[in-house]
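Undergrad: structure for the following, please:
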Amino acid sequence: MTLGKRSDYGDSKFAGLEVPFPGDVDRAVQDTLLCGFDFIVTPLVRPGHKLASPSAPSTTHSAPPPLSFDDVLYMDSSQWVRQVVGSVSGWIDPDSPEEQEASHSAKALQAELGWAAHLGIQAVLLPPIKHPLACTRFAQIANQTLEGITQMAMWLTVPIDHPPNGVEDGQQQQQQGTGAPGPFGSVAADPWETWNQFRSLCAHDTLLGCVLKLGPQLPPPQQLQRWLAEPVRAILLPTHVFTTNKKGYPVLPKPHQELLSTMFNMSVQVIVTGECVHQTPQPVSLPPNPTPAELAAAAQQQQQNFISIDPTTGAGFTINNPGEAHPLRPYWEYLSYLFRKLPVLGSDEQLEADYRDYLQAPLQPLQDNLESATYEVFEKDTIKYVQYEEAVYRALCDRKACNGGKASPVVLMVVGAGRGPLVSASMRASARSQVPLRVYAVEKNANAVVHIQALLRREGWQDKVTIVTADMRTWQAPEPADILVSELLGSFGDNELSPECLDGAQRFLGPQGISIPANYTSFMAPVSCHKLWNDVKAYNDREHFETPYVAKFHRHYVLAPTQEMFSFSHPNRATPIDNNRHKRVVYTRPVELGSAIMHGFAGYFESELYKGVWLSTHPPTHTPNMSSWFPIYFPLKEPIYVPAGASVEASMWRCSGAHKVW
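TA: Residues are numbered from 1 along each chain as shown. Coordinates of the predicted model:
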């Protein structure tokens, strides 16, 4: 069953349990499912099945013995393959400095991975790398296996604790690799560095992921954020990481709770490992006809089985059925509680969930006629049109004030009217300000015009709104406009040719005419986004790496603060008008945040519609609950490793010609 029986966070969340090598796989899986867990993690071969010690070489043990029925995790049916993750033997060390041990380990690793692939299980769990930044042989075998499989995932165990591997805070070890030592004292001591080297040697394969094994202490949150962009498939939770509440039940420290909540939102699974080290509650049972004393005793036992999570609010849960009687049931109950208490996603967030980390080509409304369903999606963003209404309202109030309070008719032109939402917003602003409007709705898509006709008939605006079925670039207005309203902005502000369109349309404006929007500025930041980059890579050509994409960033990490790029204002009174731009920016990676991998750049925009009325996708100023625009993603052909303290310089040009802009 899924944790907390919730599905509003996208993919269902599952919990697994690490179990000893099973003599009976069917029984092990069924016992685990009965407890509430969804899958098991278990050794692929029987513990102790390894080669002779390198200190005692012999021809007999020059290679691992052939796998046999008595040695392996045996499954003669595919019934449970989706409920089993096989773990590779922990002794295996293909990069051992002892060549014989390394050779034997390499052959054993190949044999175990081959058996796992033969079984067709959902994933195989690799042990932690024993030699940080020295895992070439391990990675070579893993990569060779990845090239020959299409379904089975491969998960590398990455222990994260603080201080890592016994390194005390502030202790500076000898630097290995490149870049500044970073927050862990050395590059080699940073678990992210080891993972990054391993996945780079495996060519960023999409079937390769990592499993974070938590320790009692976690690194600071700002260092953990790098993992948000990585293909983290599961969190490995040893039972000794749980603390004990007053009644002896398992609970997690606050930092662990926060990390799990974040990872739940990233569709990351949880795996509990280790023996039960906390008190297990006794089941509450009653005879068929209980006496008052038996009822009182049962109530007392029920109270004892209540696990308090937050004494200030009384929040907690009750173990009602511990005899689904697995000793680790309280851990599953606690994880379910953590998942259940996550905030409920709003309707807009649930709608956006389907677009998370999904590549979309930017719309080209100037070139293409949009479908009705596309217009409908944008019209659901009521926040955007509330802002447009407010901008038009303020502009009308200013016009009224300039006329000494007299409400003279105002000519307003909506260029690119679509199905009419800006017409509706403008008419609402007219009613609020009590300033009459003469509206021209200019739209080149003849099919969309039908919807505007229906709108005017429904609202009774036929005498106030004139529909113009024409391209704004060629239409000749019958009178000058006081206000020009448009929603031609793209995810990077200008990327849907808003400057060129509005520069051409400003001929409609009178001498004192204004444009809504009045100005807009784009922003850009280096970003790590493993999934999006791999989705571009899957096209296997250069063209797609040279294409910007609209993307709802989800599993991503911004390496440095955004910087301002291109700005445009309307109406543009410059002579001559030049929309070419060039910007050079430098991003510096703070040393204390460690190294990171860069897969491209994320782009945003801010737009002032009119005098303090803003629309923004820029994270520091993002318009709350606005969903019309997702950020834009500029992918890099190859990921770039950015050491701690290093700087990244980026130059961007906007070039325009007679017939195209690039």
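Undergrad: CA atoms for contacts and neighbours, from now on please.
TA: Will do.
Undergrad: so in terms of bridging, what pairs with residue 606?
TA: residue 521, residue 616 (DSSP bridges).
Undergrad: the residue lying closest to residue 216 once chain neighbours are set aside: neighbour count?
TA: Nearest residue to residue 216 in three dimensions, chain neighbours excluded: residue 241, at 4.9 Å (CA to CA, 6 or more residues apart in numbering). Residue 241 has 17 neighbours, counted by other CA atoms under 10 Å.
Undergrad: hmm, residue 241 is touching residue 214, no?
TA: Yes. Between residue 241 and residue 214 there is a contact under CA atoms under 8 Å: 7.5 Å.
Undergrad: can you tell me the SS state at the closest residue to residue 572 other than its chain neighbours?
TA: Closest residue to residue 572 apart from its sequence neighbours, by CA to CA, 6+ apart: residue 503 at 6.5 Å. Secondary structure for residue 503, judged by DSSP: H, G, I helix; E, B strand; the rest coil, is helix.
Undergrad: endpoint to endpoint, stretch 89-104 covers what distance?
TA: 13 Å (CA to CA, to the nearest Å).
Undergrad: buried residues in it?
TA: Within stretch 89-104, the residues that qualify as buried by neighbour count (16 or more other CA atoms under 10 Å) are 89, 92, 93, 94, 95, 96, 100, 101, 102, 103, 104.
Undergrad: mind checking pLDDT for residue 36?
TA: Here the pLDDT value assigned to residue 36 is 87.
Undergrad: look up how far residue 329 lies from it.
TA: 7 Å.
Undergrad: for the spatially closest residue to residue 141 that is not a sequence neighbour, grab phi and psi.
TA: Using CA to CA, 6+ apart and skipping residues adjacent in sequence, the residue nearest residue 141 is residue 110, 6.8 Å away. Dihedral pair for residue 110: phi -60, psi -40, per degrees, to the nearest 10.
Undergrad: give me the number of residues near residue 110?
TA: Neighbours around residue 110, by other CA under 10 Å: 16.
Undergrad: doesn't residue 535 belong to a helix?
TA: Yes. Checked against three-state DSSP, residue 535 lies within a helix.
Undergrad: next, the residue nearest to it when sequence neighbours are not counted: phi, psi?
TA: Leaving out its chain neighbours, the residue that sits closest to residue 535 by CA to CA, 6+ apart is residue 359, at 7.6 Å. Backbone torsions of residue 359, given as degrees, to the nearest 10, read phi -70, psi 130.
Undergrad: number of nearby residues for residue 359?
TA: 20.
Undergrad: helices or strands up against whatever helix or strand residue 601 lives in?
TA: Using DSSP states H and E, residue 601 sits in strand 596-610. Counting contacts by 3 or more CA pairs under 8 Å, 6 or more residues apart in numbering; DSSP states H and E, strand 596-610 is packed against helix 382-402, strand 519-528, strand 613-616, strand 632-642.
Undergrad: quick one: residues in contact with the first one.
TA: Residues from elsewhere that reach helix 382-402, judged by CA atoms under 8 Å, 6 or more residues apart in numbering: 406-408, 410, 421-422, 425-426, 428-430, 432-433, 435, 516, 609-611, 613-615, 625-626, 628.
Undergrad: narrow those residues to just the buried residues.
TA: If we count by 16+ other CA under 10 Å, the contacts of helix 382-402 have these buried: 407, 410, 421-422, 425-426, 428-430, 433, 435, 516, 609-610, 613-615, 626, 628.
Undergrad: tell me which of the residues you listed fall in strands.
TA: Counting by DSSP state E, the part of those found in strands is 410, 516, 609, 610, 613, 614, 615.
Undergrad: surely the fourth one meets residue 485?
TA: To tie it back to what came earlier, the one meant is residue 610. No. With contact defined as CA under 8 Å, residue 610 and residue 485 do not form a contacting pair (10.6 Å).
Undergrad: for the residue lying closest to residue 473 once chain neighbours are set aside, give its distance to residue 296.
TA: Ranked by CA to CA, 6+ apart and with sequence neighbours excluded, the top spatial neighbour of residue 473 is residue 504, at 6.1 Å. To residue 296, residue 504 is 83 Å away according to CA to CA.
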